[in-house]
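**Q** Sharing a model that was predicted from the sequence below.
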Amino acid sequence: MKKFLVYSIFALGVGAATLTSCEDMFGGFLDKQPSNEVTEEETFGSWNLMVQFHYDTYNFLRHGANRINNTWLDAATDLGETSFPGGVKSSFNRGDYFSTTGAPELTSTWESYYRGIRKTNMIITRIDNVPKDIELSDEQYEQDKLHYTSEARFLRAWFYWEMFLRYGPIPIVTEVLDPNGDLLSGYTERPTIKEYVVDFILKELQECESGLLSKADAWNSARAGRIAQPMARALYSRIMLYMASPRYSADSGITWQQAADAAKSFIDDYGNDFSLMTSFDAQTGLPIGIEGYTNALLRTAYDGNTEVIFYRNDVQIGWAGIQNDTPVGEGGNGGLCPSQNLVDMYDMADGSSPFAQYDETGAPVYNTATLTPDTVWASGYDDAHMWENRDPRLAASVLYQGRTWGNGAINVIFGQRDNPKGNTNVTPTGYYLRKYIPEAILNAEHTGSAYRLWTIIRYAEILLNYAEALNEAQGPCQEVYDMLDQVRYRAGISGSVADRADLKSQESLRNFIHKERTVEFAFEEHRWWDVRRWNVAVEALSRPIYGITVNEDGSIERKVAQERVFEDRMYLYPIPEAEYWKTNIENNPGWE
């Protein structure tokens, strides 16, 4: 057997592992000779080495925070803008999909996931020939083989799905390719959407689910992060929703009713195992939206988080982990700054809408002269006090003028705490990020630590998947309203969706659901893909990014913070040039 390097640093078991970025820790490991190499022959000649090799594949699950040259993917959407000059600002936001500053998303994704796919193929095709560890009983050996194979099939399906979102259907490789050769030289034919997603990815998820760990087995600290049965069903629900959406339905053949049934099957079979994270006021008994909503992302799955389903397991982080996205007045670097576009999507705390009309992107319709949507005065909304009496998820996601944070109150008036003269990282929108930033780290002069696991799917998504698909399949009904109310009540909103007279048509409820998904999952890497599957990416991603200026007297002025570029061809990324020229694979439309 040819001996080539498999990897040089074994990951520890997932429950105890520090899952760092695979690009940082293991990137290029097939291309270089380390001091303590482990060959393929040695790896698959030892059960324990093979298990550690399998666990290493989990490192290819990526963390979304600061992933693209210290910026987030949502900084390329209408939800925010980065204060940094590189990253998405000089690539996606300008329409330059060949910019090196966007490489971690635009080009590295291709190589990284194909490497992850190769690792899963090695497990799937070779595990039967790995000698059994003498300490394993025959029963445990067979059970472990089934679990590891099923996990590898799930991870392979996930990697292929992530590639599909960016590049469309690409060659499906299920054999182990030689890493020293042209990996795709024999794979230039691109499958159809149905062949790629329905016949392969969805089929893999259905077939591997029963072989995965049960929820009871997986949800403990010793196995934290291991792929389990609920994850397969949850991902199946997400993909079915996408395949029923306007961009894909004609090619996939998946209907909205089938997508609704997929979400409902999760609720029926796993709903007793999961619930929305909710904290209640001891005196009023009402939900405290900020606390429950925040804990849904920052509490670990084995530390009482009942909402998280599929996530990347990481160790605790400290100040260095959040410094790039912390207000400059707190000693941070600004980073991902929410937009006024996002702020305007939040309803009032009583559930009423502050604005008169919303479009299919979920955003309010703006008067381009005033940069302000038409106000529904009965809601109590006032642009001069725009953050008062709003959906509590606003305060859980966005740091705005006057909010207490860290060592003081947010102050973006020019020359003040968070807008000092001469600081290039000052927020361009007038806002700073709150969501996904553990406040505990700011304690004791920034010496605290906390978890910030990257949540890929949580239970709120299943409920909103069902609401969206059912509304599209059957129109407004009580069951749709109930799903929406569950998510909104947890946030601390008091009014019922069913009581709103403006949400009685399928179209108005569709736009509302699009808005609801946007605010619920802001900065969780949903918006970039949702507007694509709804076929409204040009409308959502080419509009200006709005922000605010807070004047010395405290008055607020709206402004255009950044102009954006998005064209039809940008629905898909170009195939990385090196792969295109090497394999002659057909490139995506508009990138030939």
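**A** Yep, it's here. Residues are numbered from 1 along each chain as shown.

**Q** mind showing which ranges of the stretch 151-300 of the chain have poor pLDDT?
**A** Applying pLDDT under 70 to the stretch 151-300 of the chain flags residues 179-185, 284-289.

**Q** Tell me where it has helices.
**A** Here the stretch 151-300 of the chain has its helices, by DSSP state H, counting those that start in this stretch, at 193, 203-208, 215-218, 229-244, 249-252, 256-270, 289-298.

**Q** ok, and which of those helices has the densest surroundings?
**A** Counting by mean count of other Cβ atoms under 10 Å, helix 229-244 has the highest mean neighbour count of these, with a mean of 24. C-beta here means a position set from N, CA and C on the backbone, and glycine is covered the same way.

**Q** Can you give the distance from it to the centre of its chain?
**A** A distance of 14 Å separates the centroid of the chain from that of helix 229-244, by Cα atoms, centre = their mean, to the nearest Å.

**Q** do stretch 227-235 as well
**A** 16 Å.

**Q** Correct me if wrong: residue 248 contacts residue 240.
**A** No. Applying Cβ atoms under 8 Å as the test, residue 248 and residue 240 come out as separate, 10.4 Å apart.

**Q** anything in contact with each of these two?
**A** Contact with both residue 248 and residue 240 is made by residues residue 254, according to Cβ atoms under 8 Å, 6 or more residues apart in numbering.

**Q** So the protein: which segments form each domain?
**A** 1-60+107-212, 67-98+315-452+536-592 (automatic domain parsing).

**Q** Verify the stated contact: residue 245 with residue 537.
**A** No. Contact between residue 245 and residue 537 fails when scored by Cβ under 8 Å: they sit 11.9 Å apart.

**Q** Quick check: residue 312 vs residue 250, distance?
**A** Computed with Cβ to Cβ, to the nearest Å, the distance linking residue 312 and residue 250 is 33 Å.

**Q** sorry, that was for residue 299
**A** Where residue 250 is concerned, residue 299 sits at a distance of 41 Å (Cβ to Cβ).

**Q** Residue 220 now?
**A** As judged by Cβ to Cβ, residue 220 and residue 250 stand 44 Å apart.

**Q** For the stretch 1-150 of the chain, give me the ranges with low pLDDT.
**A** Scanning the stretch 1-150 of the chain for pLDDT under 70 picks out the ranges 1-37.

**Q** now the strands for it?
**A** 5-7, 38-39, 80-82 (DSSP state E, counting those that start in this stretch).

**Q** same check, this time on the stretch 251-400 of the chain
**A** Ranges of strands in the stretch 251-400 of the chain, per DSSP E, counting those that start in this stretch, are 308-312, 336-338, 366-367, 372-373, 398-399.

**Q** highest average neighbour count across these?
**A** Greatest burial across these, using mean count of other Cβ under 10 Å, falls to strand 336-338, with a mean of 28.

**Q** List of residues touching it?
**A** Contacts to strand 336-338, defined as Cβ under 8 Å, 6+ apart, come from residues 71-72, 74-75, 79-83, 325, 397-398, 427-429, 431-433, 522-523.

**Q** Which members of the residues you listed occur in helices, if any?
**A** Of those, the ones assigned to helices by DSSP state H are residue 397.

**Q** rewinding a little: can you put the helices of the stretch 151-300 of the chain in TSV and add distance to residue 556?
**A** Output for the helices of the stretch 151-300 of the chain, formatted as TSV (distance: least, Cβ to Cβ, whole Å):
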stretch	distance to residue 556
helix 193	46
helix 203-208	47
helix 215-218	47
helix 229-244	37
helix 249-252	42
helix 256-270	40
helix 289-298	22
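
**Q** ok, how many other residues are close to residue 448?
**A** Neighbours of residue 448 under the rule other Cβ atoms under 10 Å: 16.

**Q** can you check residue 590 too?
**A** Neighbourhood size, residue 590 [other Cβ under 10 Å]: 13.

**Q** Quick check: it touching residue 569?
**A** Yes. In this structure residue 590 lies within contact range of residue 569 using Cβ under 8 Å: 2.7 Å.

**Q** anything in contact with each of the two?
**A** Between them, residue 590 and residue 569 share no contacting residue under Cβ under 8 Å, 6+ apart.

**Q** just the helices in the stretch 351-500 of the chain please.
**A** Using DSSP H, counting those that start in this stretch, helices in the stretch 351-500 of the chain cover 392-397, 443-446, 459-474, 478-490.

**Q** and those, which one is worst for confidence?
**A** With a mean of 91, helix 443-446 has the lowest mean pLDDT of the helices of the stretch 351-500 of the chain.

**Q** Deepest-packed of the domains of the chain, please.
**A** When the domains of the chain are compared using mean count of other Cβ under 10 Å, domain 67-98+315-452+536-592 is most buried, at a mean of 19.

**Q** Between the two ends of that one, how far is it?
**A** End-to-end distance for domain 67-98+315-452+536-592, by Cα to Cα, to the nearest Å: 27 Å.

**Q** try stretch 95-102
**A** Start-to-end, stretch 95-102 (Cα to Cα) is 11 Å.

**Q** Name the residues that touch that stretch?
**A** Applying Cβ under 8 Å, 6+ apart, the contact partners of stretch 95-102 are 68-69, 86-92, 106, 565-567, 570, 573-574, 577, 591.

**Q** go with 10 Å
**A** Contacts of stretch 95-102 with the rest of the structure, by Cβ atoms under 10 Å, 6 or more residues apart in numbering, involve 68-69, 71, 73, 76, 84-94, 105-108, 541-542, 564-567, 569-570, 572-574, 576-577, 590-591.

**Q** and the residue nearest to residue 166 when sequence neighbours are not counted, what does it touch?
**A** The shortest distance from residue 166 to any non-neighbouring residue, by Cβ to Cβ, 6 or more residues apart in numbering, is to residue 573 (4.8 Å). Taking Cβ under 10 Å, 6+ apart, we find residue 573 in contact with 92, 97, 102, 105-107, 109-110, 163, 165-168, 588, 591.

**Q** quick check, nearest of those to residue 442?
**A** residue 105 (28.9 Å; Cβ to Cβ).

**Q** List the contacts of the spatially closest residue to the closest one that is not a sequence neighbour.
**A** Spatial nearest neighbour of residue 105, excluding adjacent residues (Cβ to Cβ, 6+ apart): residue 68 at 4.7 Å. By Cβ under 10 Å, 6+ apart, residue 68 lies in contact with 75-76, 82, 86-89, 91-92, 101-106, 108.

**Q** Also residue 107?
**A** Residue 107 neighbours (Cβ under 10 Å, 6+ apart): 97, 98, 100, 573, 574, 575, 576, 577, 578, 579.
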